[in-house]
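[1] need a structure here:
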Amino acid sequence: MATQLPTIGQWFQDIPMNRLFEIIGQDQYCATLDIRYEDGEIDQIDLECWAQMSVVLANPPQDWRSLFELSDEQRLFSDDIIAPAPGTDVLAGLEPDSQFGWDEF
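    Presented below is the predicted three-dimensional model:
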């Protein structure tokens with residue numbers, strides 16, 4: 001049974017399922033853990049289930065980073081992050097919306 005609370009970035013092996021996974025997020029408000037299996041599948045488990053799981057700390061797979069790298073073809077169709085040039089005011093060109101009266105806030 002899992003007795004310790006995991007930290008983000010730790011890898012574990014689920015003994016009965018024989019699957020490796022990494023902790024990628026924690027939501028203490030909802031008491032859940034976000035995990036990513038070595039094949040890239042993402043799942044969420046609650047802390048009650050975590051306490052019942054048979055897991056051990058594990059080393060990450062040797063090629064786990066290559067699973068998340070994009071090929072040249074995938075890069076063509078990926079969403080690009082567009083950042084404004086430093087020193088420009090992106091909101092300067094916006095005008096208040098008087099049609100709905102929202103400019104009064």
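[2] low-confidence ranges in this protein?
    Residues of the chain meeting the criterion pLDDT under 70: 1-4, 63-88, 90, 93-105.
[3] what are the pairing partners of the longest strand seen in it, and which direction each?
    As assigned by DSSP state E, the longest strand anywhere in the chain is strand 19-27. Paired with strand 19-27 in the same sheet, following DSSP bridges, are strand 11-14 (antiparallel), strand 32-37 (antiparallel).
[4] which residues are in contact with that strand?
    The contact list for strand 19-27 (Cβ atoms under 8 Å, 6 or more residues apart in numbering) reads 6-14, 32-38, 42-43, 58, 60-61, 64. Just so you know, the C-beta spots here come from the backbone N, C-alpha and C atoms, and that holds for glycine as well.
[5] Pipe the strands paired with strand 19-27 into JSON lines and attach distance to Ile23 and mean neighbour count per row.
    Listed next are the strands paired with strand 19-27 as JSON lines, based on distance: least, Cβ to Cβ, whole Å; neighbours: other Cβ atoms under 10 Å:
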{"stretch": "strand 11-14", "distance to Ile23": "7", "mean neighbour count": "18"}
{"stretch": "strand 32-37", "distance to Ile23": "6", "mean neighbour count": "18"}
